[in-house]
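A.B. asks: Provide a 3D model corresponding to the input given below.
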Amino acid sequence: MSEERMPGEFAKLVEAAKQQEQPQRLLMLFARAEGNKKKKANASHQTGTVTPLMCVDKLPEELESFEALIKEADIIASDWSFVLIGGLGGVDGEAPPTEAAEPYLNQMANDLMMGQDLSGYTILDRQQSPVLLQVR
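C.D. replies: The predicted structure follows:
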């Protein structure tokens, strides 16, 4: 008997982007987390620093799977820990061009580096598990 696999968070996100009224461009910022050396009693809460590594923007139709995205990202930098994902909506039935994504990708990197609110982004680790980042 084959076991039906639930769609991952990334697949759900891509599908939601495809369902929007206006075409979307997905914005992705790959970042590296470096934890502090101190051991905490509660291992589910870690502290450390986060460094943006690289950005990419893609139309939902250009994204085959999370595994394919990982392979593509690892060619450029394999030391990333998680990816922040946001969306940019189009106008009049046209998806935003890749040039329109640059200021938003820069904003994502600035938000991360400056410890701003990241609740507007979906954040996934390399296993596609949701990540919650909090500023201290």
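
A.B. asks: for the closest residue in space to Gly35 that isn't next to it in sequence, give its distance to Met113.
C.D. replies: In this structure, Gly35 finds its nearest non-sequential neighbour in Gly48, 3.9 Å apart by CB to CB, 6 or more residues apart in numbering. C-beta coordinates here come from the backbone N, C-alpha and C atoms, glycine included. Plainly put, Gly48 is 14 Å away from Met113 if you go by CB to CB, to the nearest Å.

A.B. asks: and for Lys12?
C.D. replies: Between Lys12 and Met113 the distance is 28 Å, computed by CB to CB.

A.B. asks: for the protein, what spans make up the strands?
C.D. replies: Listed in chain order, the strands of the chain (DSSP state E) span residues 24-35, 48-58, 82-89, 122-125.

A.B. asks: list the helices and strands the longest one packs on?
C.D. replies: Put plainly, it is strand 24-35. Using 3 or more CB pairs under 8 Å, 6 or more residues apart in numbering; DSSP states H and E, the elements in contact with strand 24-35 are helix 9-18, strand 48-58, strand 82-89, helix 98-113.

A.B. asks: in JSON lines, list these along with mean neighbour count, mean pLDDT and distance to Ala68.
C.D. replies: Formatted as JSON lines, the helices and strands packed on strand 24-35 follow (neighbours: other CB atoms under 10 Å; pLDDT from 0 to 100; distance: least, CB to CB, whole Å):
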{"stretch": "helix 9-18", "mean neighbour count": "16", "mean pLDDT": "95", "distance to Ala68": "10"}
{"stretch": "strand 48-58", "mean neighbour count": "17", "mean pLDDT": "93", "distance to Ala68": "11"}
{"stretch": "strand 82-89", "mean neighbour count": "20", "mean pLDDT": "96", "distance to Ala68": "13"}
{"stretch": "helix 98-113", "mean neighbour count": "15", "mean pLDDT": "96", "distance to Ala68": "19"}
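
A.B. asks: now render these as JSON lines, adding distance to Asp74.
C.D. replies: Formatted as JSON lines, the entries for those read as follows, by distance: least, CB to CB, whole Å:
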{"stretch": "helix 9-18", "distance to Asp74": "15"}
{"stretch": "strand 48-58", "distance to Asp74": "11"}
{"stretch": "strand 82-89", "distance to Asp74": "12"}
{"stretch": "helix 98-113", "distance to Asp74": "19"}
